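S.K.: missing the sequence, but the structure's below:
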């Protein structure tokens with residue numbers, strides 16, 4: 001009787017080796033792979049957008065942009081910090097994307113340089129871009145940088161599992177998201 005069960009199990013697993021991988025190894029689920037692929041696509045779009053941004057700064061408007069835009073064509077902005085670019089001389093900001101009240105809140109702006117004195121707000125809300133890698137270069141001890149490192153570690157672990165599955169023959173190498181390829185030559189944990 002045991003022999004029959006063993007033959008049945010071996011025949012089922014040999015007919016569908018992918019099921020054997022799922023049973024015997026910590027294979028990534030289809031949902032995990034889809035999530036990695038979507039994240040990969042999002043990062044590619046982000047990278048393209050970031051290349052069009054000359055500076056990303058946070059600070060506060062010195063005058064109400066709604067009023068000063070119509071009068072002067074720009075709105076003064078005091079820079080408190082930056083995520084990208086040299087923001088030392090960004091004082092005037094042209095912004096068409098925001099309707100804000102003077103000095104009530106801190107705003108982050110993603111800027112493109114128009115000329116020596118003017119910058120324009122690209123209009124990309126800060127939460128839509130992950131400035132983690134850039135922030136880690138500027139201020140490695142910031143909480144934002146630490147969050148970025150934690151997120152990268154989680155992504156790296158998921159990538160290692162997917163790469164391990166390719167070595168075990170459970171997953172096609174073409175199914176690995178591009179962002180995981182950087183971890184391909186690292187030693188894998190089993």
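M.R.: Here it is on my side, so go on. These figures come from a predicted structure and were not determined experimentally. Numbers count the residues shown, from 1 in each chain.

S.K.: Quick check: buried residues in stretch 167-187?
M.R.: 170-171, 176-177, 179-180, 183 (16 or more other CB atoms under 10 Å). The way it works is simple: take the backbone N, C-alpha and C, and place the C-beta from them, glycine included.

S.K.: Take those and keep only those in helices.
M.R.: Within the buried residues of stretch 167-187, no residue falls in helices by DSSP state H.

S.K.: can you tell me which two in those residues are farthest apart?
M.R.: 170 and 179 (19.9 Å; CB to CB).

S.K.: The longest helix belonging to the chain - contacts with which helices or strands?
M.R.: Counting residues, the longest helix found in the chain (DSSP H) is helix 143-167. Packing partners of helix 143-167 (3 or more CB pairs under 8 Å, 6 or more residues apart in numbering; DSSP states H and E): helix 30-50, helix 132-138.

S.K.: And those helices: which comes nearest residue 84?
M.R.: Here helix 132-138 is closest among those (CB to CB), at 5.0 Å.

S.K.: Show me what counts as buried in that closest one.
M.R.: 132, 134-136.

S.K.: and those as TSV, adding pLDDT and distance to residue 83?
M.R.: Listed next are the buried residues of helix 132-138 as TSV, based on pLDDT from 0 to 100; distance: CB to CB, whole Å:
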residue	pLDDT	distance to residue 83
132	84	9
134	87	5
135	86	5
136	90	10
